[in-house]
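Student: for reference, the sequence and a predicted model appear below.
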Amino acid sequence: MPSEPAPISDAARHALEQELADLHTERRTVAATLQDSDAAVGDRADEADELQRADDLQRLDARIAEITTRLRGADTAGPPPTDRVGVGSTVTVRFADGAEETFQVGETAEELDPSLVTADSPLGRALLGHRPGDTVTYSAPGGRSTAVVVSLGQSPGAGA
């Protein structure tokens, strides 16, 4: 994640808020299964299960903290820019072959989402800071490629 607070789109905010709610639910479930620290643990299998649940709890707590920090940072940064491509922007680009696609520029992709381009991908890095009408060059699997920023602000699948 960037060191400065970055804006976030409404869709990305909603997804993070939903993930946070799901994580809190999972955390409560896992925490309820942990034995009282004063209680005697049974055999080694019981001990291993208990350690696994404790590890799960740590993993959940870390992700909860990460999302909470990201949402607070987005609040500080304000909405995504509307005059240039930034993290949280929705951008329509025209590729060298004439095809146009609309993407959300995000920080990370945890699931395969064809409407998301991460800010640290070659295309995402090339788009950052550019305005409609600008041509960007980026590394693609087949070599160097170009794309033109067509517009900003229209959500993927929103139609014209």
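Tutor: Great, that's in hand.
Student: remind me, longest helix of this protein?
Tutor: For the chain, the longest helix by residue count, based on DSSP state H, is helix 44-77.
Student: can you name the next helix or strand after that one?
Tutor: Next helix or strand after helix 44-77 toward the C-terminus (DSSP states H and E): strand 90-95.
Student: doesn't Val150 belong to a strand?
Tutor: Yes. Counting by DSSP: H, G, I helix; E, B strand; the rest coil, Val150 falls inside a strand.
Student: which ones are touching it?
Tutor: Shown in contact with Val150 (Cβ atoms under 8 Å, 6 or more residues apart in numbering): 91-94, 100, 132. All C-beta spots, glycine's among them, are computed from the backbone N, C-alpha and C.
Student: can you find the helix or strand in this protein with the smallest mean pLDDT?
Tutor: strand 116-118 (a mean of 81; mean pLDDT, DSSP states H and E).
Student: next, the contact list for Val30, please.
Tutor: 53, 56-57, 60.
Student: so can I have TSV of those showing distance to Ile67?
Tutor: TSV is the format used below for these (distance: Cβ to Cβ, whole Å):
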residue	distance to Ile67
Arg53	21
Asp56	17
Leu57	16
Leu60	11
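Student: no further queries at this time; thank you.
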